[in-house]
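1. With the input below, show me the fold.
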Amino acid sequence: WDWSVKYPVLRFSFGSGKFTDIQGLTHALDTQLSHLEQQFGITARFEHVGGRFADLILQLQQQTQQPVVILIDEYDKPILDALDYPEVAKANRDFLRGFYSTIKDYDAYIKFSFLTGVSKFSKVSLFSGLNNLLDISLDAHYSSICGYTDTDIDTIFSPELEDLDREEIRHWYNGYNWLGEGVYNPFDILHLFRSRQFGNYWFETGTPSFLVNLLFKRQVTSLSLDQTFTSNQVLSSFDIEDIATEALLFQTGYLTIKQAERIAQQDYFHLGFPNLEVRQSLNESLLAVLVKDKSKQAVNSAQLYRLLLKNDFEGLKGIFHAFYASIPNNWYNSNKIQEYEGFYASVFYSYFAALGLDIIVEDASNLGRLDMALKFNQQVYLFEFKVVNSKPRGKSKALQQLQDRHYADKYRHLNQPIYLIGVEFSKKDRNIVGFAVEQA
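-> From the prediction side, this is the model:
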């Protein structure tokens with residue numbers, strides 16, 4: 001490569017700006033174009049941003065006799081920021097489609113273009129005129145360009161590892177995967193090395209309120225998130241009118257690829273939480289929608305932890321009974337969610353996950369799938385959940401299922417106490433009506 005040759009660079013970034021305002025995108029681009037025109041000493045000959053962008057490319061090429069490099073960072077942010085305002089989001093998308101088509105129209109004057117963002121809008125939706133893009137989102141050759149690898153942590157950052165648990169670093173922040181080597185979240189790693197304490201640094205930079213509300217609207221339970229199965233076609237599309245839940249979670253970093261599978265000439269993916277930070281933080285946010293009181297949520301979580309330490313099962317039943325009882329009636333009016341086992345089970349799961357505990361959901365054995373397993377304090381707790389029409393009489397059906405399917409056998413090699421917990425919920429009462437515990 002001849003490093004002596006320099007090319008003029010036009011860099012745009014949508015990292016800042018109020019894009020929920022119908023004029024916000026236009027103002028942001030107008031400001032950036034003005035700065036670029038000043039930087040290269042070029043006088044604007046057009047008023048609209050598309051014309052100014054095209055003229056900037058032409059004049060720069062003529063001025064330097066070199067093709068132009070175009071870098072666009074957070075190309076999708078004006079749309080994502082406005083998802084709660086569909087009409088504004090669509091207007092921003094249509095505006096950007098015209099702006100980006102300039103890159104295609106003036107291809108003869110461009111050396112290289114590179115666009116980065118969080119989501120992956122389909123070419124039809126956003127890049128209908130820009131069909132010469134090479135998508136490297138799921139290309140194994142580029143899988144580690146957006147994060148730190150294990151090698152990076154162990155070599156470049158080795159002086160920072162003193163007094164930090166190496167396995168804990170991996171557990172908290174590693175796990176992002178794009179069909180190649182897994183990577184750590186750089187934002188988290190740098191904050192960890194500075195503060196010397198583990199925390200949810202990346203998650204705290206923004207509350208995914210739109211995402212959390214959408215999950216509840218679509219009745220997607222937290223239990224199912226870590227067991228998501230989808231296709232490459234679903235992950236590769238992102239449109240305002242039809243946002244697939246899996247695509248949204250994957251493209252915004254809350255789920256990542258755990259395993260790839262080729263079935264009948266199509267690529268399929270098993271998705272799950274990348275690490276402890278994401279699993280813990282997202283479940284806290286899901287709980288917050290139900291609890292509506294963060295102080296109460298914190299009290300519940302602390303009490304739950306203490307009850308587990310003492311194996312106080314009656315106390316566990318009481319705390320969850322009180323929690324379900326506190327959910328407002330109007331929350332149920334807009335849906336039939338009280339009839340689904342997944343809703344009740346996800347509340348259990350989210351409380352345990354928000355504490356960062358070791359949980360396995362839908363754990364398969366040769367006789368079936370266990371709803372939830374919790375390993376804590378050198379003990380194993382196996383949960384089975386059932387929704388019933390009325391208060392059960394006689395032996396718990398949920399507990400009977402745990403026994404009949406011998407779910408405990410899979411955990412006996414741990415040589416730890418094993419507790420079978422059958423939990424039954426009433427559709428009518430919208431609460432726990434059965435809570436049976438037995439040591440296996």
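2. List the residues that contact the most centrally placed residue in the chain.
-> For the chain, Y254 is the residue whose C-alpha lies nearest the centre (C-alpha atoms, centre = their mean; 1.4 Å). For Y254, the contact set (C-beta atoms under 8 Å, 6 or more residues apart in numbering) comprises P208, L211, L225, F273, V278, L282. Glycine gets a C-beta too; all of them are placed from N, C-alpha and C.
3. now the strands for the stretch 301-440 of the chain?
-> With DSSP state E, counting those that start in this stretch applied, the stretch 301-440 of the chain shows strands at 358-365, 368-376, 379-388, 418-426, 431-439, listed in chain order.
4. And the second one, what's buried?
-> Looking back up the chat, that one is strand 368-376. L370, D371, M372, A373, L374 (16 or more other C-beta atoms under 10 Å).
5. what's it in contact with?
-> 223, 308, 341, 345, 348-349, 352, 357-364, 380-385, 402, 405, 407, 411, 414, 416.
6. again, only this time at 7 Å
-> With C-beta atoms under 7 Å, 6 or more residues apart in numbering as the test, strand 368-376 has contacts from 308, 345, 348-349, 352, 357-363, 380-385, 405, 407.
7. That one vs strand 379-388, what angle?
-> 130 degrees (axes from the mean of the first three to the mean of the last three C-alpha atoms, to 10 degrees).
8. With the shortest one instead?
-> For strand 358-365 and strand 379-388, the angle between their directions (the same axes, to 10 degrees) works out to 70 degrees.
9. Please compute how far strand 358-365 lies from its chain's middle.
-> 20 Å (C-alpha atoms, centre = their mean, to the nearest Å).
10. buried residues in that strand?
-> Quick answer for strand 358-365 (16+ other C-beta under 10 Å): I359, V361, D363.
11. which residues does the last one contact?
-> Neighbour list for D363: R369, L370, A373 [criterion: C-beta under 7 Å, 6+ apart].
12. how deep is the closest residue to N275 other than its chain neighbours tucked in, by neighbour count?
-> Leaving aside its chain neighbours, N275 sits nearest to G175 (4.2 Å; criterion: C-beta to C-beta, 6 or more residues apart in numbering). Residues near G175, counting by other C-beta atoms under 10 Å, number 23.
13. I figured G175 hits L255, correct?
-> No - look at G175 against L255 with C-beta atoms under 7 Å: they stay out of range, at 10.4 Å.
14. Quick one: end-to-end length of stretch 239-249, please.
-> 14 Å (C-alpha to C-alpha, to the nearest Å).
15. Buried residues, it. List them.
-> For stretch 239-249, by 16+ other C-beta under 10 Å, it's I240, I243, A244, T245, E246, A247, L248, L249.
16. Any chance of those residues in a markdown table with distance to L33 and secondary structure as columns?
-> As requested, the buried residues of stretch 239-249 are arranged in a markdown table below (distance: C-beta to C-beta, whole Å; DSSP: H, G, I helix; E, B strand; the rest coil):
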| residue | distance to L33 | secondary structure |
| --- | --- | --- |
| I240 | 25 | coil |
| I243 | 30 | coil |
| A244 | 34 | coil |
| T245 | 37 | helix |
| E246 | 37 | helix |
| A247 | 32 | helix |
| L248 | 31 | helix |
| L249 | 35 | helix |
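17. pLDDT and distance to N132 added to these, as a markdown table?
-> Shown next, in a markdown table, are the buried residues of stretch 239-249 (pLDDT from 0 to 100; distance: C-beta to C-beta, whole Å):
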| residue | pLDDT | distance to N132 |
| --- | --- | --- |
| I240 | 75 | 24 |
| I243 | 79 | 26 |
| A244 | 85 | 26 |
| T245 | 87 | 31 |
| E246 | 88 | 28 |
| A247 | 86 | 24 |
| L248 | 84 | 27 |
| L249 | 88 | 30 |
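18. if we can go back for a sec, tell me which of the buried residues of strand 368-376 is nearest to F95?
-> Comparing the buried residues of strand 368-376 against F95 with C-beta to C-beta places M372 closest, at 46.6 Å.
19. Which elements pack onto the one helix or strand L96 maps to?
-> Applying DSSP states H and E as the criterion places L96 in helix 86-105. If you count contacts as 3 or more C-beta pairs under 7 Å, 6 or more residues apart in numbering; DSSP states H and E, helix 86-105 packs onto helix 49-64, helix 77-80.
20. in it, what's buried?
-> For helix 86-105, the neighbour count (16+ other C-beta under 10 Å) marks 88-89, 91-93, 95-97, 99-104 as buried.
21. before we move on, what about stretch 148-157?
-> Buried-residue list, stretch 148-157, by 16+ other C-beta under 10 Å: Y148, T149, D150, D152, I153, F157.
22. Dump the residues you listed into TSV; add distance to V183, secondary structure and pLDDT as well.
-> Converted to TSV, those look like this (distance: C-beta to C-beta, whole Å; DSSP: H, G, I helix; E, B strand; the rest coil; pLDDT from 0 to 100):
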residue	distance to V183	secondary structure	pLDDT
Y148	6	strand	96
T149	6	coil	96
D150	9	helix	96
D152	9	helix	97
I153	10	helix	97
F157	13	coil	97
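23. Keep only those of the contacts of Y254 that are in helices.
-> Taking DSSP state H, the ones among the contacts of Y254 that sit in helices are L211, L225, V278, L282.
24. which of those tops the neighbour count?
-> L225 (27 neighbours).
25. Of the contacts of Y254, which one scores lowest on pLDDT?
-> Ranked by pLDDT, these bottom out at P208 (66).
26. rank the strands of the stretch 301-440 of the chain by pLDDT, which is bottom?
-> Among the strands of the stretch 301-440 of the chain, strand 358-365 scores lowest, with a mean of 79.
27. What pairs with that one, parallel or antiparallel?
-> strand 368-376 (antiparallel) (DSSP bridges).
28. sorry, back to before: out of the contacts of Y254, which one sits closest to H35?
-> P208 (31.6 Å).
29. now the contacts of D363 as TSV including distance to G17?
-> Listed next are the contacts of D363 as TSV, based on distance: C-beta to C-beta, whole Å:
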residue	distance to G17
R369	47
L370	48
A373	46
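30. Return the closest of the residues you listed with respect to E424.
-> Among those, and counting by C-beta to C-beta, the member closest to E424 is L370, at 16.0 Å.
31. Distance-wise, check the closest one relative to Q416.
-> 16 Å (C-beta to C-beta, to the nearest Å).
32. repeat for L58
-> Noted for L58: a distance of 72 Å to Q416, by C-beta to C-beta.
33. neighbour-wise, which of the two wins?
-> L58 (15 against 12).
34. what residues does stretch 64-81 touch?
-> Residues contacting stretch 64-81 (C-beta under 7 Å, 6+ apart): 7-15, 19-20, 25, 57, 60-61, 89, 92-93, 96, 103, 109-119, 121, 240.
35. The helices and strands packed on helix 86-105: which one's closest to G394?
-> helix 77-80 (53.1 Å).
36. quick one: average pLDDT of the closest one?
-> 88.
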